[in-house]
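# Could you work out the structure for the sequence below:
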Amino acid sequence: MAIEWTSDWETGIAVIDSQHRQIFDYINELEVAMKLHHRDAVGHVLDELTDYTVSHFAFEENLLTEAHYEFLDSHKVIHDTFIKRISTYKKDHAAGKDIADQLYDMMSTWLYHHIKRDDMAYVNAVKDRIENLVENKNEGGWFKRSIGAFFR
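As a prediction, this is how the structure comes out:
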């Protein structure tokens with residue numbers, strides 16, 4: 001059953017919510033690939049999901065750095081652990097193993113806990129500072145600085 005985006009998933013930080021919605025879309029694409037027993041499509045989703053989550057994590061971590069989030073280090077550890085798990089699935093898939101069901105279960109469970117617990121924990125800290133981050137004209141604004149930092 002497809003995972004549906006509803007307002008209770010929203011952090012209230014538009015750019016983060018948009019990125020989370022994309023991750024939902026990848027999980028739902030994975031479900032379709034599984035139903036069709038399409039191994040190549042599973043691999044494609046896995047590749048896209050990996051690339052997207054890495055960029056999302058970098059973006060989110062930059063936001064948390066700018067917001068001086070006190071638990072940034074532990075949040076990064078959670079991200080790093082996830083990337084390691086995904087890397088294992090990629091290796092197993094490349095070795096010919098059927099990882100689709102396990103990947104889907106892990107992603108669905110992980111996404112729920114990560115957004116509802118880990119990401120919601122930083123919302124107040126980020127919202128308290130977001131206006132200053134976005135509107136800081138001296139340094140070109142938070143978004144411009146974040147994009148610059150990401151592509152350095």
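
# Please pull out the lowest mean pLDDT helix or strand from the chain.
One helix or strand of the chain scores below all others by mean pLDDT, DSSP states H and E: helix 142-150, with a mean of 57.

# What mean pLDDT does stretch 104-114 get?
For stretch 104-114, the mean pLDDT works out to 90.

# can you check stretch 46-60 too?
For stretch 46-60, the per-residue pLDDT averages 92.

# How about it, which residues are buried there?
Across stretch 46-60, burial judged by 16 or more other C-beta atoms under 10 Å covers L46, L49, T50, T53, H56, F57, F59, E60. From N, CA and C alone the C-beta is placed, and that goes for glycine too.

# How far off centre is the host helix or strand of the last one?
So that's E60. Assigned by DSSP states H and E, E60 belongs to helix 39-66. The chain centroid and the centroid of helix 39-66 are separated by 6 Å, computed with C-alpha atoms, centre = their mean, to the nearest Å.

# what's the answer for stretch 62-78, then?
Using C-alpha atoms, centre = their mean, the offset of stretch 62-78 from its chain centre is 14 Å.

# okay, how far is it across that stretch, tip to tip?
The first residue of stretch 62-78 is 15 Å away from its last residue (C-alpha to C-alpha, to the nearest Å).

# just for the chain, where's the confidence low?
Where the chain drops to pLDDT under 70, the residues are 1, 130-152.

# Find the centremost residue of this structure, please.
T53 (4.3 Å; C-alpha atoms, centre = their mean).

# Can you name the residues that contact that residue?
I23, F82, I83, I86 (C-beta atoms under 8 Å, 6 or more residues apart in numbering).

# now these as TSV including secondary structure and distance to R117?
Converted to TSV, those look like this (DSSP: H, G, I helix; E, B strand; the rest coil; distance: C-beta to C-beta, whole Å):
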residue	secondary structure	distance to R117
I23	helix	16
F82	helix	13
I83	helix	18
I86	helix	19
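
# And the furthest pair within these?
Taking C-beta to C-beta as the measure, the contacts of T53 span a maximum distance of 13.4 Å, between I23 and I83.

# Of those two, which one has the most company?
Between I23 and I83, counted using other C-beta atoms under 10 Å, I23 has the larger neighbour count: 20 against 14.
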